[in-house]
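[1] I'll drop the sequence and a predicted model, then ask my questions.
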Amino acid sequence: MRSLTKTLVAASMAAAMFAAPMAFAQETLDADRFVKMCDQDKDGMVSKAEVMKMVEKMYDKHDTKKAGKLDKKQVEAFLKDLMKGGS
Ligand SMILES: [Ca+2]
């Protein structure tokens, strides 16, 4: 009985470890969304200028104190926002 519990715990831990990066990848690698969000001239491509402009806009949004810098918590929100398309 003890070993069964151990197995179950191990299995659920493995599942959690597997699920976390999957969710992360889905959230972070949504290229379609990222392109749509950045692509201002609608040519289906993301130019460096388009990315920089979008990042800057997002950065300013999270730089709530207008300090010109973000702390770790703000960076976290900034990155999340950036990857999910700014909504
Ligand atoms: Ca473009």
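    Received, thanks.

[2] list the contacts for Cys38?
    46, 50-51, 53-54 (C-beta atoms under 8 Å, 6 or more residues apart in numbering). Just so you know, the C-beta spots here come from the backbone N, C-alpha and C atoms, and that holds for glycine as well.

[3] show me which residues of this protein sit near the ion.
    Residues of the chain lying near the ion by C-beta under 5 Å from the ion: 39, 41, 43, 45.

[4] circling back: name the member of the contacts of Cys38 with the most neighbours.
    Using other C-beta atoms under 10 Å as the neighbour test, the contacts of Cys38 are led by Met54, with 19 neighbours.

[5] skipping its backbone neighbours, what lies nearest that residue in space?
    Cys38 (4.6 Å; C-beta to C-beta, 6 or more residues apart in numbering).

[6] Val51 now?
    Counting by C-beta to C-beta, 6+ apart, Val51 lies nearest to Cys38, which is 5.5 Å off, once chain neighbours are set aside.

[7] with Met58 instead?
    Leu82 (5.3 Å).

[8] assign that neighbour to helix, strand or coil.
    helix (DSSP: H, G, I helix; E, B strand; the rest coil).

[9] isn't it right up against Val55?
    Yes - with contact defined as C-beta atoms under 8 Å, Leu82 reaches Val55; the gap is 6.9 Å.

[10] between those two, which is the more surrounded one?
    Each of Leu82 and Val55 has its neighbours counted (other C-beta under 10 Å); Leu82 has more, 18 against 13.

[11] in contact with the more buried one, which residues?
    If you count contacts by C-beta under 8 Å, 6+ apart, then Leu82 has 54-55, 58 around it.

[12] any idea how far it lies from Val46?
    Relative to Val46, Leu82 is positioned 13 Å away (C-beta to C-beta, to the nearest Å).

[13] likewise for Cys38?
    5 Å.

[14] how many neighbours does Phe34 have?
    19.

[15] now swap in Gly44 and tell me
    By other C-beta under 10 Å, neighbour count at Gly44 equals 8.

[16] just checking, it touches Lys36?
    No - counting by C-beta under 8 Å, Gly44 does not reach Lys36; the two are 9.5 Å apart.
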